[in-house]
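Asks: show me how the following folds:
(chains A and B)
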Amino acid sequence: MRPLDENETTVVFEKIFKFVGNNLKNIVENPSHEGPEPEAGRYCFRLQKSRVYYVSESLVKRATNISRKNLVSLGTCIGKYTHAGSFHLTIMSLNLLAANAKHKVWLKPTSEMSFLYGNHVLKGGLGRITDSIVPGDGVVVFSMSDVPLGFGIAAKSTQDCRKLDPNGIVVLHQADIGEYLRDEDEL
Amino acid sequence: MDMETDQIYQLDVGNLLAFNPSRRFPSPPSSRSFVKECVTEGTKLVQAIADTLFNLSSTETSDGPLVQLPPPSTKLPRERHTEQNLFGRPVRGFVKSFECITSMLTFFVSLLPRPKPPTKWEEFALKKGIQKRKKDKIVYDETTDQFKRRHGYDRVNDDNDIPIIEAKASDEPGEDPFAKRLDDKKKRVGKQEKNRLQNLKTAAKAGALPSHVQLAVTALPISGTKTRPQKIGKEALGDVAGLAATSTASGGKFDKKLPGEKPPKKQGKHHKYLPVVPRYGMVDEEKEQTNKLGDKHVQRQEGEEEVRKIR
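Replies: Residues are numbered from 1 along each chain as shown, chains lettered A, B, ... in the order given. Here you go, the predicted model:
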């Protein structure tokens, strides 16, 4: 386990920034009351075996007692580095992103299942959508009852969405909570 | 012994090796009969080696008959690396090992190290039967009745420690005996240096220079031999210069650099990672780094927003 170096931190922040924008500050300076210390600690990012974890500092201190071989996971895994060196956010970062998301999309009940199977979001399945979405922005997908279902990348801006035909892709799927069942081994 | 059915085996008694070049295996490798066949064939080969061994002349020792094996005829790869010359072309065509052929394409030419000719002292010692004696580091000093070291600070026979030199009948009145001692020492050292150079020259003639001297010798013409001064390439020179620069006591850090000399290639660790948990009382570098990068992003966003508003 080691902290991220400059390049790695920039890359991770870039990806998170697409989804949360200015709320990045909230993520970085989140106070955590996990440990026995009276003052609130911080959350920080740690790298273990090419996976990036979002952990509170008190937990990190305790985790230093476990050797690298035996340490499997700590805190929340937000993403992993591929063999080639690019970083992908995984579904386990959903809670973090959903709490701080800037761009949200709500799905109709009929198309929830389709998204949870890994398909992209079509215009016909769209319930509500926040304003000022630019193509390429990160979008968090909710159900109508405000349950976060996953996240993806916006394919069209909000304006263009209105003019689309019902089978056009609005959000490109990146991760959904169905992956907990489908890709159990890889998480 | 059955000589009629004895096939011609290739024997290398020096390596205790026997090889049957005309063996055909009728059964496939994974069957049990294959193992049995191998064992029977192996027995025959071992018998052949044993025959040859017992036919060699043996001397009787307390443990039994002792046989001197002939030199081996199979060429095995070398255990140690060969001597490396820094020249780009093969030196005098003395190519024995197969490594040389493969490495002729590379920059360094590897040769089997040649035996160097004995130095003048070595010849003399051989003739007179002088053995090398190991010298102790601590020697007993008669004058102070103490054990002192042989070389270095506070040594046994230091020239500066002699208070009185008794005058001899052959001494001239105006001469300074202390200065004379220093002079004699200088002459002895000079003579020794000359002998050393002469030994190196004979070694160079035979082509057996020690490797640390080769580089120094390349540029100079050695009189009396046909070797022409050869140049070495930029890379090898850079490597050697780097080695020389870092072989000072402080690793070459405080040496004055020549104009145009490039800084040495980064040595040691190539990546510095921050500590996992910040040390008690020290600055939390990781926190600072995260904050800095987070701020950068926020500022960039604000900058973009302003651009959008302007449009």
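Asks: need the pLDDT of B:P229.
Replies: We have a pLDDT of 64 for B:P229.
Asks: let me redo that: A:T10
Replies: In this model, A:T10 carries a pLDDT of 90.
Asks: now swap in B:K127 and tell me
Replies: 95.
Asks: same question for B:K234.
Replies: pLDDT, read off for B:K234, is 79.
Asks: burial measure for it, as a count.
Replies: Per other C-beta atoms under 10 Å in any protein chain shown, the neighbour tally for B:K234 reads 8. C-betas here are computed from N, CA, C, even on glycine.
Asks: from chain A, how far off is it?
Replies: 33 Å (C-beta to the nearest C-beta, to the nearest Å).
Asks: residue contacts, that residue?
Replies: Contact analysis of B:K234 by C-beta atoms under 8 Å, 6 or more residues apart in numbering or on different chains lists nothing.
Asks: same check on A:L187?
Replies: A:77, A:90-92, A:179-180.
Asks: following the longest helix along chain A, which helix or strand shows up next?
Replies: When chain A is scanned for its longest helix (criterion: DSSP state H), the result is helix A:6-20. For helix A:6-20, the following helix or strand on the C-terminal side (DSSP states H and E) is helix A:24-28.
Asks: and the gap between the residue of chain A most remote from its centre and chain B?
Replies: Relative to the centre of chain A, the most outlying C-alpha is that of A:P38, 29.9 Å out, by C-alpha atoms, centre = their mean. Going from A:P38 to chain B by C-beta to the nearest C-beta gives 17 Å.
Asks: which strand or helix spans that residue?
Replies: Using DSSP H and E, no helix or strand contains A:P38.
Asks: likewise for the one 4 residues further on?
Replies: Counting by DSSP H and E, the secondary-structure element that holds A:R42 is strand A:41-48.
Asks: the helices in the chain, which residues?
Replies: Assuming you mean chain A. Under DSSP H, chain A gives helices at A:6-20, A:24-28, A:57-63, A:94-99, A:109-116, A:158-163, A:179-182.
Asks: actually it's chain B I care about, not the one you picked
Replies: Going by DSSP H, chain B shows helices at B:32-55, B:98-103, B:120-128, B:177-205, B:211-218, B:234-245, B:285-310.
Asks: closest to A:T158 among the contacts of A:L187?
Replies: A:I91 (25.0 Å; C-beta to C-beta).
Asks: wait, the closest one sits on A:G152?
Replies: No. At 11.3 Å, A:I91 and A:G152 do not qualify as touching, with contact defined as C-beta atoms under 8 Å.
Asks: what does the domain assignment say about chain A?
Replies: A:2-96, A:103-181 (the TED database).
Asks: can you report phi and psi for the nearest residue to A:I27 once chain neighbours are set aside?
Replies: Distance criterion C-beta to C-beta, 6 or more residues apart in numbering or on different chains; nearest residue to A:I27, sequence neighbours excluded, is A:N100 at 6.0 Å. The phi/psi pair for A:N100 (degrees, to the nearest 10) reads phi -120, psi 20.
Asks: isn't A:N100 up against A:N23?
Replies: Yes. Between A:N100 and A:N23 there is a contact under C-beta under 8 Å: 3.8 Å.
Asks: CA atoms only for stretch A:114-122 - export them in CSV, please.
Replies: C-alpha atoms of stretch A:114-122 as CSV (Å, rounded to 0.1, in the frame of the first residue of the first chain):
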residue,chain,number,x,y,z
SER,A,114,-32.1,-2.8,-19.3
PHE,A,115,-29.5,-0.5,-17.8
LEU,A,116,-28.7,-2.9,-15.0
TYR,A,117,-27.9,-5.6,-17.6
GLY,A,118,-25.2,-3.4,-19.0
ASN,A,119,-27.0,-1.6,-21.9
HIS,A,120,-26.7,2.1,-22.7
VAL,A,121,-29.4,4.5,-21.7
LEU,A,122,-31.8,5.3,-24.6
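Asks: ok, residues contacting that stretch?
Replies: A:105, A:107, A:111, A:125, A:141, A:149-150, A:152, A:155, A:166-173, A:176-179, A:182.
Asks: is there a quick ChimeraX command that grabs whichever of those are buried?
Replies: Filtering the contacts of stretch A:114-122 down to the buried ones (16 or more other C-beta atoms under 10 Å in any protein chain shown) takes a single ChimeraX command:
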select /A:105,107,111,125,141,149,150,152,155,169,170,171,173,176,177,178,179
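Asks: the lowest-mean-pLDDT helix or strand in chain A vs chain B: in contact?
Replies: In chain A, the helix or strand scored least confidently by mean pLDDT, DSSP states H and E is strand A:31-32, which has a mean of 78. No. Applying C-beta under 8 Å from any C-beta of the partner chain, one finds strand A:31-32 out of contact with chain B, separated by at least 13.1 Å.
Asks: I'd like the distance from that strand to the chain centre, please.
Replies: Distance of strand A:31-32 from its chain centroid, counting by C-alpha atoms, centre = their mean, to the nearest Å, is 19 Å.
Asks: could I get the helices of chain B as a markdown table with distance to B:R149?
Replies: Shown next, in a markdown table, are those (distance: least, C-beta to C-beta, whole Å):
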| stretch | distance to B:R149 |
| --- | --- |
| helix B:32-55 | 55 |
| helix B:98-103 | 45 |
| helix B:120-128 | 25 |
| helix B:177-205 | 19 |
| helix B:211-218 | 27 |
| helix B:234-245 | 30 |
| helix B:285-310 | 49 |
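Asks: which of those has the lowest average pLDDT?
Replies: helix B:98-103 (a mean of 41).
Asks: picking that back up, please report how far the residue farthest from the centre of chain A lies from B:G281.
Replies: 19 Å (C-beta to C-beta, to the nearest Å).
Asks: ok, A:I66 next?
Replies: 25 Å.
Asks: and the two? which has more neighbours close in?
Replies: Neighbours were counted for A:I66 and for B:G281 using other C-beta under 10 Å; A:I66 has more, 12 against 5.
Asks: how about the residues of chain B near chain A?
Replies: So far as C-beta under 8 Å from any C-beta goes, chain B lies against chain A at B:271, B:273-277, B:286-287, B:289-291, B:293-294, B:297-298, B:301.
Asks: what residues of stretch A:126-141 count as buried?
Replies: A:126, A:129, A:133, A:137-141.
Asks: returning to what we had before: distance to B:L209 for the helices of chain A - can I get that in TSV?
Replies: TSV is the format used below for those (distance: least, C-beta to C-beta, whole Å):
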stretch	distance to B:L209
helix A:6-20	49
helix A:24-28	64
helix A:57-63	59
helix A:94-99	69
helix A:109-116	77
helix A:158-163	79
helix A:179-182	69
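Asks: how confident is the prediction for B:P29, by pLDDT?
Replies: 65.
Asks: would you format the contacts of A:L187 as JSON lines with pLDDT and distance to A:V28 included?
Replies: Output for these, formatted as JSON lines (pLDDT from 0 to 100; distance: C-beta to C-beta, whole Å):
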{"residue": "A:C77", "pLDDT": "92", "distance to A:V28": "17"}
{"residue": "A:T90", "pLDDT": "92", "distance to A:V28": "19"}
{"residue": "A:I91", "pLDDT": "92", "distance to A:V28": "21"}
{"residue": "A:M92", "pLDDT": "91", "distance to A:V28": "18"}
{"residue": "A:E179", "pLDDT": "91", "distance to A:V28": "26"}
{"residue": "A:Y180", "pLDDT": "91", "distance to A:V28": "27"}
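Asks: any idea which of the residues you listed is closest to chain B?
Replies: For those, the residue nearest chain B by C-beta to the nearest C-beta is A:C77; the value is 17.0 Å.
Asks: dump the residue contacts of that closest one.
Replies: A:51-54, A:90, A:92-93, A:187.
Asks: most widely separated two among those residues?
Replies: A:Y54 and A:L187 (14.9 Å).
Asks: so for A:I91 and A:G152, which residues contact both of them?
Replies: Contacts common to A:I91 and A:G152, judged by C-beta under 8 Å, 6+ apart, are A:A175.
Asks: all good on my end, thank you.
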